[in-house]
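*Asks:* starting from these lines, generate the structure:
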Amino acid sequence: MDQILIIVNILLFVVLIGLLFYMQKKHISFSKRVFSALGLGIVFGLVIHWIYGTQSDVTTGSLEWMGIVGSGYVSLLKMIVMPLVFISIVSAFTRLKMTSNLGKIGGLVIGILIGTTAIAASIGIVTALGFQLEGIQLEQGEAEMTRNTELEQRVGDVQNMTIPQQIISLFPQNPFMELTGARPTSTIAVVIFAAIIGIAYLGVRRKEPEHAEFFGKIIETIYTIVMRVVTLIIRLTPYGVLALMTKVAASSDYLAIAKLGKFVVASYVALAAMFIVHLILLMLARQNPITYIRKALPALTFAFTSRSSAGTLPLNIKTQHEELGVSEGIANFAGSFGLSIGQNGCAGIYPAMLAIMVAPSAGVNPLDPTFIVTLIIIVAISSFGVAGVGGGATFAALLVLSALDLPIAIVGLLISIEPLIDMGRTALNVSGSMTAGVLTGKITGEINEEVYNQPKRNMEV
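*Replies:* The predicted structure follows:
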């Protein structure tokens, strides 16, 4: 009987995919198809949850088959991330328009990412204090105990590293190994390696321009092919969103969410507040925030559903350049650096909130100005090298709590609501990256205001 019900669910899922394909054939805009997939996924997932529950074999079996679409899509995006990060940074160096402002652009992107993360940490602190969140209120069940055992093993490596050692760990050791994403800091290592290649190119261009020109053509060709692969994968976005949201809605533990509702609400209040800060920064730069929301929404929606900043990178870069008018070089820098530096949600708000929650249990006054300033600084420094995939927030929290000598058990106690909060955090991370790109483009004059202000168009996908 269960097998029959699973087949029925799969058939219904196929029908929904067919509906999205029909919308594509009718040339309905990409953003409308993404939002339609989001809504259909939530409704379909809730129906499965309501009829079968989260623990039934029917739900598990159905989601496993649907995961071929959802998880498969995310895997394809992750597949292209490292090649895209590498070629995007190198191509930024080979573009003549970029080289004159290269140092300024890199400094601005990193500065804005770190600065906004410090602001995010401040917002996380204020929110945790305002909602009077306390770690001692959290309960520990079997799943939480298992998670804490894993975290204790993982935190051992972090605690044994000094801050200088953590900084050294960001540098590439073996570029081929880093391209496989073998370490949590592999993304930033690839960025550094690509930047070194780019700097070497600039030196060669001054002394042997003919070799530099040949190398530049090779990079341009590879970049064009990689971006074509990106376009092919992005076309699958509505189907991936449908599967991912169905899984989230069907498998979420709503009872646990209700028990930890106060923390969930506080987290989203902090995330919303930081998003408003992004809009205020755009307003100060005389960029229409409403236009930004309208054009960035498809990328933010995918980030929300996939919980992967890395997976959203292709959409991130494409949106910055084609919709927001940011030059390709800056879009590549902001998108790539934003994967592992200054993630406002995962590396800013989340670890700051947890530190405030557990401080009293360690005998620390969370209202102590010295503690607050130290926390903000450590959060900003620790935001380097946070992986742009699911689990990056956990890594960031371990770094911050370990640096402050605070208990890490609270990270495991939030396992039941982690996916729900992580969706909002990831969307904020991507927004921070795009905001950094727009602001850098505005400051350096490398943003096309006509493209930014023109009505939203359907991206070529």
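*Asks:* nearest spatial neighbour of Ala243, chain-adjacent residues omitted?
*Replies:* Of all residues not flanking Ala243 in the chain, Gly70 sits nearest, at 3.1 Å (C-beta to C-beta, 6 or more residues apart in numbering). (Each C-beta comes from the backbone N, C-alpha and C, glycine too.)
*Asks:* what's whichever strand or helix holds that neighbour packed up against?
*Replies:* Assigned by DSSP states H and E, Gly70 falls within helix 57-94. The contact analysis (3 or more C-beta pairs under 8 Å, 6 or more residues apart in numbering; DSSP states H and E) places helix 57-94 against helix 2-25, helix 30-52, helix 186-207, helix 209-234, helix 237-251, helix 313-318, helix 328-337.
*Asks:* so for Ala427, which of those sits nearest?
*Replies:* helix 313-318 (11.3 Å; C-beta to C-beta).
*Asks:* next one: the closest one to chain centre, how far?
*Replies:* 11 Å (C-alpha atoms, centre = their mean, to the nearest Å).
*Asks:* circling back to that earlier point, can I get the helices and strands packed on helix 57-94 in TSV including mean neighbour count and distance to Val430?
*Replies:* Shown next, in TSV, are the helices and strands packed on helix 57-94 (neighbours: other C-beta atoms under 10 Å; distance: least, C-beta to C-beta, whole Å):
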stretch	mean neighbour count	distance to Val430
helix 2-25	15	23
helix 30-52	19	14
helix 186-207	18	14
helix 209-234	15	14
helix 237-251	25	14
helix 313-318	27	6
helix 328-337	28	9
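*Asks:* any chance of these in TSV, plus distance to Gly115 and mean pLDDT?
*Replies:* Formatted as TSV, the helices and strands packed on helix 57-94 follow (distance: least, C-beta to C-beta, whole Å; pLDDT from 0 to 100):
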stretch	distance to Gly115	mean pLDDT
helix 2-25	40	92
helix 30-52	30	88
helix 186-207	18	86
helix 209-234	29	88
helix 237-251	31	88
helix 313-318	19	86
helix 328-337	13	84
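*Asks:* out of the helices and strands in the protein, which is least certain?
*Replies:* helix 142-159 (a mean of 49; mean pLDDT, DSSP states H and E).
*Asks:* got the contact list for Leu232?
*Replies:* Contacts for Leu232 (C-beta atoms under 8 Å, 6 or more residues apart in numbering) come out as none.
*Asks:* typed the wrong thing, it's Ile317
*Replies:* 84, 88, 328, 331-332, 335.
*Asks:* how about a cut-off of 10 Å?
*Replies:* Ile317 makes contacts with 84-85, 88, 227, 230, 299, 326, 328, 331-336, 433-434, 437, as judged by C-beta atoms under 10 Å, 6 or more residues apart in numbering.
*Asks:* touching stretch 195-211 from outside, list them.
*Replies:* Here stretch 195-211 has contacts from 86, 89-94, 96, 98-99, 102, 106, 171-172, 175, 212-216, 219, 333, 336-337, using C-beta under 10 Å, 6+ apart.
*Asks:* could you pull out the helices for the stretch 301-450 of the chain?
*Replies:* All helices of the stretch 301-450 of the chain, identified by DSSP state H, counting those that start in this stretch, fall at 313-318, 328-337, 350-358, 369-382, 392-403, 409-413, 418-444, 449-453.
*Asks:* what separates Thr94 from Cys346, distance-wise?
*Replies:* 31 Å (C-beta to C-beta, to the nearest Å).
*Asks:* the more surrounded of these two?
*Replies:* Cys346 (31 against 23; other C-beta atoms under 10 Å).
*Asks:* not counting sequence-adjacent ones, nearest residue to that one?
*Replies:* Nearest residue to Cys346, sequence neighbours excluded (C-beta to C-beta, 6+ apart): Ala393, at 3.8 Å.
*Asks:* separation between the one you found and Thr435?
*Replies:* 19 Å.
*Asks:* what of Val379?
*Replies:* In terms of C-beta to C-beta, Val379 sits 18 Å off from Thr435.
*Asks:* one more: Glu446?
*Replies:* Glu446 is 15 Å from Thr435, by C-beta to C-beta.
*Asks:* what's the answer for Phe86, then?
*Replies:* 24 Å.
*Asks:* which regions of the stretch 301-450 of the chain sit below the pLDDT cut-off?
*Replies:* 385-392, 411-413, 415-416 (pLDDT under 70).
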